[in-house]
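Peer 1: Take a look and give me a structure for this.
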Amino acid sequence: MVEPISILFGLGSFLLNQQNKAEEQAERARAARNRANEIQVIRGIIAEKDKELKKAIETIKRLLEAQEEQINYAKLLEAQKEQINNLTAARDASLGALFVV
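Peer 2: From the prediction side, this is the model:
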């Protein structure tokens, strides 16, 4: 026959083992929650940086468009300068022809 004290020790050992398993499981659950929270924080940071990058890209696009407009305006001014030079040369030639006659 099994003595009651050995049954109590066996039951106590079993309960202690179950408690240890429960504590380990609770610790793993806490660690998993902590990792999930860290991941959420990282996702938030990534989302914020993504917004900043999108704003920066839009700003660069606007600056490039403005620069292109300035280049086109400079080309227009150069063409107008050339027209003025041509008109001045034509006027000078006309005036020269008047005085030669």
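Peer 1: Which parts of this protein are helices?
Peer 2: In the chain, the segments counted as helices under DSSP state H are 4-100.
Peer 1: Where does pLDDT dip in this structure?
Peer 2: 1-2, 100-101 (pLDDT under 70).
Peer 1: how about 80 then?
Peer 2: For the chain, the stretches with pLDDT under 80 are 1-2, 4, 96-101.
Peer 1: Distance check, L53 against R62.
Peer 2: 15 Å (Cβ to Cβ, to the nearest Å). (Each C-beta comes from the backbone N, C-alpha and C, glycine too.)
Peer 1: err, I71, not the other one
Peer 2: From I71 to R62 the distance is 15 Å (Cβ to Cβ).
Peer 1: do the same with E24
Peer 2: To R62, E24 is 57 Å away according to Cβ to Cβ.
Peer 1: Check the gap between A36 and A79 for me.
Peer 2: 64 Å.
Peer 1: Apologies, that question was intended for I5.
Peer 2: 110 Å.
Peer 1: do I39 as well
Peer 2: Distance of I39 to A79, computed by Cβ to Cβ: 59 Å.
Peer 1: A26 too?
Peer 2: Distance, A26 to A79, using Cβ to Cβ: 79 Å.
Peer 1: Would you mind measuring from E27 to L98?
Peer 2: Applying Cβ to Cβ to E27 and L98 gives a distance of 105 Å.
Peer 1: swap in A66?
Peer 2: A66 sits 47 Å away from L98, going by Cβ to Cβ.
Peer 1: Next: I39.
Peer 2: I39 is 87 Å from L98, by Cβ to Cβ.
Peer 1: before we move on, what about D50?
Peer 2: 72 Å.
Peer 1: Thank you, goodbye.
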